[in-house]
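A.B. asks: need a 3D model of the sequence below.
(one chain, ligands or ions: 1)
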Amino acid sequence: MGISLFDLTGKIALVTGSTHGLGMAMAKGLGRAGATIIVNGNSSQPKIDDAVLEFKKEGIQAFGYKFNVADESEVIAAIAKMESEVGTIDILINNAGIIKRIPLIEMEVSEFKEVIDIDLVSPFIVSKHVAKGMIARQEGKIINICSMMSELGRNSVGAYAAAKGGLKMLTKNMATEWGKHNVQVNGIGPGYFATEQTAPIRIDGHPFNDFIINRTPAAKWGNPDDLSGAAIFLSSKASDFVNGHILYVDGGILATIGKPSNEI
Ligand code: GCO
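C.D. replies: Numbering: from 1, shown residues only. All right, here's what the predicted structure looks like:
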């Protein structure tokens, strides 16, 4: 039986912001498919160490590195350290991100810029420096974590939507420039998932919670593990001819205008 198209054995994957939430879930998916995982966070070393232990408990080879994805000098130093201590990075998932739910009219410029910095500039910084090695080796996979807000606006998340819309186009441009080097760059656009980030708008009875259930053909919030398949696909040989594609894992939100709350 030949190697499965989806087998990541022998590959090393760096997932930024993977100490919790969607990043951890996608990293676990890649680990279960055979990849060695590099966990990243910028909070505390104990949080990173705890996350690494969670992977190891599942028999996944994992290493942890604390660095700020928005600081180019930290990124350059961290990549050099990771590639000397763990090995060359075959797969990069740019997942680290923040959101600030503030109406645009009330938002400070500094707050807007912070969201753009983390959610859009940082994937550029990390990708640029990881891609140098991928281009030298003529092989690599980069996945940018986009959002429903790469396609749709929503009250109070204007900076986040601007960043995620930009990340969609940055993904297409990375694919344009690096495709000839056998580096496939794609995006995953998660719909609405049950995570810490969405906890404030997911409370039972919260108008937004009811809205999302109505607006989603699958009629539920996503489970972070639902992203594993898309992450494995876009990290594996199965997607070697997929470039610049944003794969939405959204329970169907983008497929529909939705329905009135009283309609079955
Ligand atoms: C919000 C949510 C969204 C989701 C996700 C959707 O406030 O609307 O946090 O931004 O987290 O990004 O794809």
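A.B. asks: and Lys11, how many residues sit next to it?
C.D. replies: If you count neighbours by other CB atoms under 10 Å, Lys11 ends up with 20. Every residue, glycine included, has its C-beta placed from N, CA and C.
A.B. asks: and if you look at the one 10 residues further on?
C.D. replies: The number of residues packed near Gly21 is 18, by other CB under 10 Å.
A.B. asks: also the one 3 residues further on?
C.D. replies: Around Met24 there are 22 other residues, counting by other CB under 10 Å.
A.B. asks: identify the spatial nearest neighbour of it, chain neighbours not counted.
C.D. replies: Sequence neighbours aside, Ser18 is the residue nearest to Met24 in space, at 5.2 Å (criterion: CB to CB, 6 or more residues apart in numbering).
A.B. asks: tell me the SS of the one you found?
C.D. replies: The assignment at Ser18 comes out as coil when based on DSSP: H, G, I helix; E, B strand; the rest coil.
A.B. asks: any idea how far Lys128 is from it?
C.D. replies: 20 Å (CB to CB, to the nearest Å).
A.B. asks: just to revisit the earlier point, ok, the residue nearest to Met24 touching Gly29?
C.D. replies: No: counting by CB atoms under 8 Å, Gly29 is not a contact partner of Ser18; they are 11.0 Å apart.
A.B. asks: show me which of those two is the more surrounded one.
C.D. replies: Neighbour count, other CB under 10 Å: between Ser18 and Gly29, Ser18 has more, with 30 against 25.
A.B. asks: got a list of what the more buried one touches?
C.D. replies: Residues near Ser18 by CB atoms under 8 Å, 6 or more residues apart in numbering: Met24, Met26, Ala27, Ile37, Val39, Asn40, Gly41, Ala51, Ile93, Asn95.
A.B. asks: and it, backbone torsions?
C.D. replies: In terms of degrees, to the nearest 10, the main-chain angles of Ser18 are phi -110, psi 20.
A.B. asks: for the residue nearest to Met24, give me the pLDDT.
C.D. replies: Here, the pLDDT recorded for Ser18 equals 98.
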